[in-house]
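# Sequence plus predicted model, see below.
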Amino acid sequence: MPVLVSAVVLLGALGLLNLVLTFGIVRRLNAQPATAARPAGPHGLADAASIGATAGPFSVTAVDGSTVTRDTLTTPALVAFFAPGCPPCAELLPEFTGRLREDGPAAGSVLAVVTPGAGQQQYVDALAEVATVVTDGGAQDVVDALGVGGFPVVARLDGDGTLHVLHRDLREMAGPVPA
């Protein structure tokens, strides 16, 4: 009988300790700001909830040798982000290039950002026909300026860099980019 009583007391003490630790964790989680759960870029453009925010400035060199800045993009500008080795990016690539071929936007109005990685050249070759392409170190500068946290992402910016649309799927975007 004393063994049974000791076991019950031990289990009760462990249950109480577990309850105290759980309350401590819940208090810490509640004390954190709501944005801590969702990482955002330096300008807060983590997802579609950031519509209306302004993208940070950037100045990068495209694969064709031209200099691209937020201010030199023809507006409204479509900015697409791709990462080699990302299955959703590979799925979006033909849809994205096909839609741009159909809609025929002005050359300076579409910027495609391809992060470095194996298979990067395949993306560059496909996108160079329909967009200004930035890759390597310049890609990270644009990713940081828009605060992109995942791939693929398609964003639409107006003349002062205000974000109007940010989606991971072209089907969610409304209308073509005007030429």
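Alright, I've got the coordinates. Residues are numbered from 1 along each chain as shown.
# Show the residue spans covered by the helices in the protein.
Secondary structure of the chain (DSSP state H): helices at 2-31, 87-103, 120-128, 136-146.
# Packed most tightly, which of those helices would that be?
Comparing those by mean neighbour count (mean count of other Cβ atoms under 10 Å), helix 136-146 comes out on top with a mean of 19. C-betas here are computed from N, CA, C, even on glycine.
# Just the C-alphas of it, formatted as PDB.
The C-alpha coordinates for helix 136-146 follow below in PDB (Å, rounded to 0.1, in the frame of the first residue of the first chain):
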ATOM      1  CA  ASP A 136      22.300  36.100 -58.400                       C
ATOM      2  CA  GLY A 137      23.100  38.900 -55.800                       C
ATOM      3  CA  GLY A 138      20.600  41.200 -57.300                       C
ATOM      4  CA  ALA A 139      17.800  38.700 -56.700                       C
ATOM      5  CA  GLN A 140      18.400  38.900 -53.000                       C
ATOM      6  CA  ASP A 141      18.300  42.700 -53.100                       C
ATOM      7  CA  VAL A 142      14.800  42.700 -54.700                       C
ATOM      8  CA  VAL A 143      13.600  39.900 -52.300                       C
ATOM      9  CA  ASP A 144      14.700  42.000 -49.400                       C
ATOM     10  CA  ALA A 145      13.200  45.200 -50.800                       C
ATOM     11  CA  LEU A 146       9.800  43.500 -51.100                       C
END
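# hmm, who's touching that helix?
41-43, 45, 55-62, 68, 70, 79, 81, 111, 113-116, 134, 153, 155, 163 (Cβ atoms under 8 Å, 6 or more residues apart in numbering).
# got the helices of the chain as a markdown table, with mean pLDDT columns?
Below are the helices of the chain laid out as a markdown table (pLDDT from 0 to 100):
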| stretch | mean pLDDT |
| --- | --- |
| helix 2-31 | 90 |
| helix 87-103 | 87 |
| helix 120-128 | 93 |
| helix 136-146 | 87 |
